[in-house]
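1. only geometry, no sequence info:
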């Protein structure tokens, strides 16, 4: 592990100033469950860690039925999953966030970190994508919002520029007659990394047909993958097994899995079909309830 | 003694003597060793699986401030000494040196090249990065069957195959070849009505101990060396260190600390010699701690295997013939595990005709080491999967089929030796009678599987002393590192003989200066052999105290008896001492009484185990969930039943890991792709059902109380039992370990 400096500013302005001063070798530190491992492995050349957990805005969770859910980039997975409004209105997000590591990791790791780490297997990212979430990035001079579906650009790479930090994630209010779910496949029961994952969201029209749907995948492409055409194919359909199977087949076509030590490409493509169907089924059951 | 049911200590479940220290986090493990001025050592390892070392430049590392010493193979063996050893053809010594610090060639990715001692671990790591090694990369061979090909790269150009015949004329990657032949296999197959045949494969697996190896070495000013070791055998470490450093045995003291898991992987010494070399050069104590990647790459896993097996049976269910070929990867240096695999594989059943060919093959992977029932698990998997298929084809109940063919007292094994005092049938009958076996298993995609196994335990050498204190307590010291609770189980046997409650027996493990030679705590031997030593030492105490009582009472020694904690003379009711009363008299009537025993247990018992498992397989993802697990085992006599049950549960878990999750994954260049605990998947508590251990007690006559070793057997049946359950759940016969979801989907024809 190479030596690095550590700062723990208490305001966004101070944090952004530090990031600007150090440039690309400054890294925001939230839970550190990925970053510290990378540092120890020698896989990160960070010269400065800017601990963002002492910035009040970054640890806040707010919800109202009109503006939706906003949570800071340093909110831990455990805090988010235990929040009553999150549990009540965003079960599809809880599906993904509560399976990131065991209890000790849950208390430390953050959804913001999961997003910025940008691994293809990041569980929370497809869940955020299908819910239509946006990421708020703040730099020295400006703030911008980027849809989560566009946030990751390559393994470990995001649209975040040097000097910018992820401040918060915003999730739209739950739409009427909508439901979401996230499922992943892992070889073990828990505490594992996705071989493949699928998030699904759908909204029914008054007549019971699907008014809108979104599907996103993990671990089957260089980034978490939003498959617009799979969701689009469901619009106007009834939420039946056949419709779900057709959407799953589109997702299987769209994914670009590789063979690695965690799974083969054919296994992953097969799993996409299974998981998309199951996630759509679960999301559709949640609409009903 | 074996039939004595009136035990007062044996068979009870007292708290382990090490429990309080461990659960409060105070027990001292290897990495707790802290010495004044201590430096931290790190080891540089080869990234290549097969390469010539052209040069090593340590200059920049040595110049880094805070670096105290850098060592390479030159510090282990000077050019002159090496030349002399080469001239003497001392290949075993040179190979051991090369595995400690490679000289001119590396044979596996992870082989140590150099080591650094520095003020901090971080500085040591930085110094490693400054060591420049120039390699000439050579083609590697990583698959056991590839290594047999005529055009395979040779790991050791001088290696000739060892067998009962003369060494092979041509150099080969086959280190050992052995054939066993019994009866007439061709005739046996001709008489069989049903024949099944398959090829089974398994990957290298690691013992998966949570504590990586660590060693702290300190040289005194007088040239004497002390090593605070993380090991299964204090004398094994001493012997390795004095061998490679060419020191008198009396100059090296090894003090074992608590061990955070070992399972056979800490029989071998990996960093002790390096720590000693660094400490000598640095002129200060040095602690070398392995990381997890070091542990996967630089220690000894268990063999990957290919096993071809063919079985034939009559319509009535009698096995008539077997033919097997076992190909075992022994890693980069010659070793032998396939023979053990064959012995285990053919142990449970009667085979009138059999041919077994065993090949131990060197490949560019870490040299293999012992892992719980070494060599046995893949072999039992192959046999139990095929036996199950045969039973199915014959339409016989899988346990009935095994019972019909089970070895019994008087049966002959493949070597022609006769079984005696074995509990194989009792174990199978207990499994059949267990409610689990007949419980309804409702629901789709579910199946129940069974498997049976044989393991031959180990005995060997152990030492024990028991010192009587004037207050009536005793101090018991052995030379057996406690990796499984043996301080407790050994002390319980002494307490039973001494007629004392366990609390009055202080049980500890000595260092190499303070206790007689004892073999490694391995081979399921410690409660058996060290327990025997403790019994003998306790008997020695009683004899010596009886003699003292006789002196005090002025009666013949043989007239003194000791029963129920009381020394007495039958003819005189006045002459009576409790153990504590006599202990108090000892200082005034002579000197301390010390009971001593050294034993070499030459005969050891067979251990049989039968497991029953229920699984559910997700037909869409291929994922296996274990629903219920029962593990029946003949334990001879359970000294501490909770600890025995713990061994069975722990061994079963490791067998489940082998069955479903674990395995070294390599690329073609021989680099391990999953040298971390995220991608090398050990089972977690969440993956396991309650494992219900069932103890069968068929006493082993080679131990005074009938003890059999229990630690190894339970790892053997799980892969076969789970494969057989998967076959019933899905129709797919699995032939490859681990049985990953991808393999299962493939076998089911889903991908």
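-> Arrived safely, thanks for sending. Since we're looking at a predicted model, the values are computed, not measured.

2. and the spatially most central residue of chain B, helix, strand or coil?
-> The centroid of chain B falls nearest to residue B:264 when counting by CA atoms, centre = their mean (2.9 Å). The three-state label given to residue B:264 by DSSP: H, G, I helix; E, B strand; the rest coil is coil.

3. Can you give me the distance of it to residue B:301?
-> Distance, residue B:264 to residue B:301, by CB to CB, to the nearest Å: 10 Å. Any C-beta I mention is one placed from the backbone N, CA and C, and that applies to glycine too.

4. between the two, what contacts are shared?
-> Both residue B:264 and residue B:301 are contacted by B:207, B:369, B:371, under the criterion CB atoms under 8 Å, 6 or more residues apart in numbering or on different chains.

5. Just send the residues you listed back as CSV, with pLDDT too.
-> Below are the shared contacts of residue B:264 and residue B:301 laid out as CSV (pLDDT from 0 to 100):
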residue, pLDDT
B:207, 98
B:369, 97
B:371, 98
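
6. residues in contact with the closest residue to chain A within the stretch 351-500 of chain B?
-> Closest residue of the stretch 351-500 of chain B to chain A, CB to the nearest CB: residue B:445 (14.0 Å). When contacts are counted by CB under 8 Å, 6+ apart, residue B:445 touches B:616, B:617, B:618, B:619, B:729, B:730.

7. tell me the domain boundaries of the chain?
-> Picked chain A for this. A:5-51, A:56-171, A:178-288 (automatic domain parsing).

8. you looked at the wrong chain, it should be chain B
-> If you go by automatic domain parsing, chain B breaks into B:38-138+B:212-259+B:266-298, B:305-457+B:605-747, B:459-601.

9. Just tell me which of those ends up closest to residue A:74.
-> Closest approach to residue A:74 among the domains of chain B (CB to CB): domain B:305-457+B:605-747, 24.0 Å.

10. Start and end of the closest one, how far apart?
-> 20 Å (CA to CA, to the nearest Å).

11. likewise stretch B:206-216?
-> Terminal residues of stretch B:206-216 are spaced 24 Å apart (CA to CA).

12. So stretch A:96-108, near chain B or not?
-> No - using CB under 8 Å from any CB of the partner chain, stretch A:96-108 never reaches chain B; the gap is at least 8.5 Å.

13. got the buried residues for that stretch?
-> A:96, A:97, A:98, A:99, A:100, A:101, A:106, A:108 (16 or more other CB atoms under 10 Å in any protein chain shown).

14. for stretch A:269-287, same thing?
-> Neighbour counts over stretch A:269-287 (16+ other CB under 10 Å) mark A:269-284, A:286-287 as buried.

15. again with stretch B:154-171
-> Across stretch B:154-171, burial judged by 16+ other CB under 10 Å covers B:155, B:156, B:159, B:161, B:162.

16. Provide the secondary structure category for the residue lying closest to residue A:146 once chain neighbours are set aside.
-> Spatially, and ignoring its direct neighbours in sequence, residue A:146 is nearest to residue A:135 (5.1 Å; CB to CB, 6 or more residues apart in numbering or on different chains). Assigned state for residue A:135: strand (three-state reduction, three-state DSSP).
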